[in-house]
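Colleague: below is the sequence, then the predicted model.
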Amino acid sequence: MHERAPFHIKALHGFTGSVGNLVFVVFELFVLFFYQRVVGLDGRLVGLAIFISLVVDALTDPVIGDWSDRLRARFGRRHTMMFGSVLPMGLFFFLQFIPPAGLSQQGLFLWLLVMSVGARVMLTFFDAPAAAVTAEVAVRPADRAEMGIYRQLAGLLAYLGILYLAFSVFFDATEAFPVGQENPAAYAPFGAAAAIALMVFMTVAAAGTYRHIQRFESSLPLPSRTRFDWMKTLRSWGELILKVRNTRALFWGLLLATTMGSCFRSLNLHFGPYLWGLTTERIQSWQQAVPLGMLAAAIGARFIVTRTEPKYLYLTGYAILLASYVAPLFLTLLGLLPEFGSGALASILFGFQLAAGLGAGLLMICSLIMFAETTDEYRFVRNVSRTALILGLITFGNKLASGLGKVVSGWILEWVGFPDVKSGVEVSLEVASNLALYAGVFCAIAGLAGLAVLSTFRLTRARHAEIVAGLRERDRMMGTGAA
């Protein structure tokens, strides 16, 4: 665990970033827009379906993570789940974009719910053990930071690739559909291409670390064949989010922070053409700014993360992200941005998205370190390794918050009376402005509250160094005792 991780292991494991970014982009940008604006499902029902799927996903994270910690299987406790999730994940992911024709509102709701739940649970079977692999590949902060960079690089390729496929291939503007993402016929081939790419990324990420983790697991004592105890897992979960300071700070802070981010991002395809007049090409460029900023921040953080507290970098990135989401909405409402549809406006919005990417990049690289270090702290204090359970619990907060953000977005769309394509009603500037006002106020309140809670995180760099030294000494003493 304490050896320097080989380059190729860290690089191949980086494809977990491709998996995460591809799923992130599709769910955050396209699902709400497709079902509300194109299919015509009530925005509140869209938000509810996505929320339920994310709650199910979130609830399974600590459970599947704990299961992975205890699993005894031919391909290992991590990779058995990772390989087994590939095909069903791709199938569910594709089917959500081809709802059968003629379904009622209830039928569309159920279709979206079943496919989203299936995709999310299969993703958990991949993500929960993959998160544990991240912490188990290496313990050195520099190695973990480098792994974050490789995740960002692979994630960048996936992010840019799916945006290119979406806006340059499948949702290209036509005479019939000047707003290309309103074309219903484009979603089935888009979903198929995205599902195939997703399965390739999952396979590469799992295969790349298989032999390395098998060697690591061979050095561990076999987990006992105990009956899985759901209540014990839930009690451990409750303790972590209510009594353990640092996991509590991460959980509740990210719950608020991610709710804010999810609300803004899920409305991006509504803001772009209807609030700011961005063409399909400019929307593609606007969205491409985010991964570029994330990569730049991740690389920069690699060289300063060992010289400063990750917490301070984390809070700085979060403050940048919050300002980048909220500022363009309020500046538009105040009439302080260039005119609707202008090139100058598109350039300014690109800058805000680039800043958002910088903030998100700092969050990603620092959270990877902070999350992993909380697992080291828990192992040191409790003398038991619960890596996947803790990391699964933290992602529980992210996914629950993502669902809450979609619920809020769906309600806001209905409150402002945002029309669907089938209604034949144009989106007025008044409706788009009301959408910006409601979303901006909500994001500002949730974001500031999350920033305050995250500031209570207390695991310092010096304390973690003491913990690592203590773990090494404990391992050495156990080895001496065994001899």
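Modeller: Yep, it's here.

Colleague: what sits closest to residue 331 if chain neighbours are left out?
Modeller: What sits nearest to residue 331 in space, not counting adjacent residues and going by C-beta to C-beta, 6 or more residues apart in numbering, is residue 337, at 5.1 Å. No exception for glycine: its C-beta is placed from N, CA and C like everyone else's.

Colleague: which SS class is residue 328?
Modeller: helix (DSSP: H, G, I helix; E, B strand; the rest coil).

Colleague: which residues touch it?
Modeller: 337, 348-349, 352 (C-beta atoms under 8 Å, 6 or more residues apart in numbering).

Colleague: ok, these vs residue 46, which is closest?
Modeller: Nearest to residue 46 among the contacts of residue 328, counting by C-beta to C-beta, is residue 349 at 25.1 Å.

Colleague: just give the nearest non-adjacent residue to that closest one, would you?
Modeller: Closest to residue 349 by C-beta to C-beta, 6+ apart is residue 286, at 5.6 Å.

Colleague: distance check, residue 21 against residue 271.
Modeller: Applying C-beta to C-beta, to the nearest Å, the value for residue 21 to residue 271 is 21 Å.

Colleague: same thing with residue 281?
Modeller: From residue 281 to residue 271 the distance is 16 Å (C-beta to C-beta).

Colleague: neighbour count: these two, which is higher?
Modeller: Legend: neighbour count by other C-beta atoms under 10 Å for residue 281 and residue 271, higher for residue 271 (21 against 14).

Colleague: any idea of the pLDDT on the more buried one?
Modeller: pLDDT, residue 271: 95.

Colleague: packing partners of the one helix or strand it maps to?
Modeller: Per DSSP states H and E, residue 271 falls inside helix 268-275. With contacts taken as 3 or more C-beta pairs under 8 Å, 6 or more residues apart in numbering; DSSP states H and E, helix 268-275 sits against helix 280-304, helix 429-454.

Colleague: mind listing what's buried in it?
Modeller: 268-275 (16 or more other C-beta atoms under 10 Å).

Colleague: can I get the helices and strands packed on helix 268-275 in JSON lines with mean pLDDT and distance to residue 372?
Modeller: Below are these laid out as JSON lines (pLDDT from 0 to 100; distance: least, C-beta to C-beta, whole Å):
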{"stretch": "helix 280-304", "mean pLDDT": "82", "distance to residue 372": "15"}
{"stretch": "helix 429-454", "mean pLDDT": "94", "distance to residue 372": "17"}
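
Colleague: for residue 63, find the nearest of those helices.
Modeller: Comparing these under C-beta to C-beta, the one sitting nearest is helix 429-454, at 24.9 Å.

Colleague: quick check: angle from the closest one to helix 268-275?
Modeller: 140 degrees (axes from the mean of the first three to the mean of the last three C-alpha atoms, to 10 degrees).

Colleague: next SSE downstream of helix 429-454?
Modeller: Per DSSP H and E, the helix or strand that comes after helix 429-454 is helix 461-482.

Colleague: mind giving me the packing neighbours of that following helix?
Modeller: helix 343-382.

Colleague: how about the helix it packs on: buried residues?
Modeller: Those would be 345-346, 348-350, 352-380, for helix 343-382 by 16+ other C-beta under 10 Å.

Colleague: buried set for whichever helix or strand comes after that helix?
Modeller: Sequence order places helix 387-415 as the next helix or strand after helix 343-382, per DSSP H and E. The neighbour-count check on helix 387-415 (16+ other C-beta under 10 Å) flags 387-414 as buried.

Colleague: now stretch 84-102
Modeller: 84-86, 88-90, 92-97, 99.

Colleague: could you redo these as JSON lines and give each row secondary structure, pLDDT and distance to residue 260?
Modeller: Below are these laid out as JSON lines (DSSP: H, G, I helix; E, B strand; the rest coil; pLDDT from 0 to 100; distance: C-beta to C-beta, whole Å):
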{"residue": "84", "secondary structure": "helix", "pLDDT": "85", "distance to residue 260": "34"}
{"residue": "85", "secondary structure": "coil", "pLDDT": "87", "distance to residue 260": "29"}
{"residue": "86", "secondary structure": "helix", "pLDDT": "91", "distance to residue 260": "32"}
{"residue": "88", "secondary structure": "helix", "pLDDT": "94", "distance to residue 260": "32"}
{"residue": "89", "secondary structure": "helix", "pLDDT": "93", "distance to residue 260": "28"}
{"residue": "90", "secondary structure": "helix", "pLDDT": "94", "distance to residue 260": "31"}
{"residue": "92", "secondary structure": "helix", "pLDDT": "95", "distance to residue 260": "28"}
{"residue": "93", "secondary structure": "helix", "pLDDT": "94", "distance to residue 260": "26"}
{"residue": "94", "secondary structure": "helix", "pLDDT": "95", "distance to residue 260": "30"}
{"residue": "95", "secondary structure": "helix", "pLDDT": "95", "distance to residue 260": "30"}
{"residue": "96", "secondary structure": "coil", "pLDDT": "94", "distance to residue 260": "25"}
{"residue": "97", "secondary structure": "coil", "pLDDT": "95", "distance to residue 260": "27"}
{"residue": "99", "secondary structure": "coil", "pLDDT": "94", "distance to residue 260": "29"}
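
Colleague: if we can go back for a sec, relative to helix 280-304, how tilted is the helix holding residue 271?
Modeller: Using the same axes, to 10 degrees: helix 268-275 against helix 280-304 is 130 degrees.

Colleague: related to what we said a few turns ago, my guess is the residue nearest to residue 349 meets residue 273, correct?
Modeller: No. With contact defined as C-beta atoms under 8 Å, residue 286 does not reach residue 273; the gap is 10.8 Å.

Colleague: now do the contacts for residue 383.
Modeller: With C-beta under 8 Å, 6+ apart, residue 383 has these contacts: residue 474.

Colleague: please report how far it lies from residue 405.
Modeller: Distance from residue 383 to residue 405, by C-beta to C-beta: 38 Å.

Colleague: looking at the helices and strands packed on helix 268-275, spot the one closest to residue 155.
Modeller: helix 280-304 (6.8 Å).

Colleague: for that closest one, buried residues please.
Modeller: Result for helix 280-304 [16+ other C-beta under 10 Å]: buried residues 280, 282-295, 297-299, 301-302.

Colleague: equivalent analysis for stretch 34-52, please.
Modeller: 34-39, 41-52.
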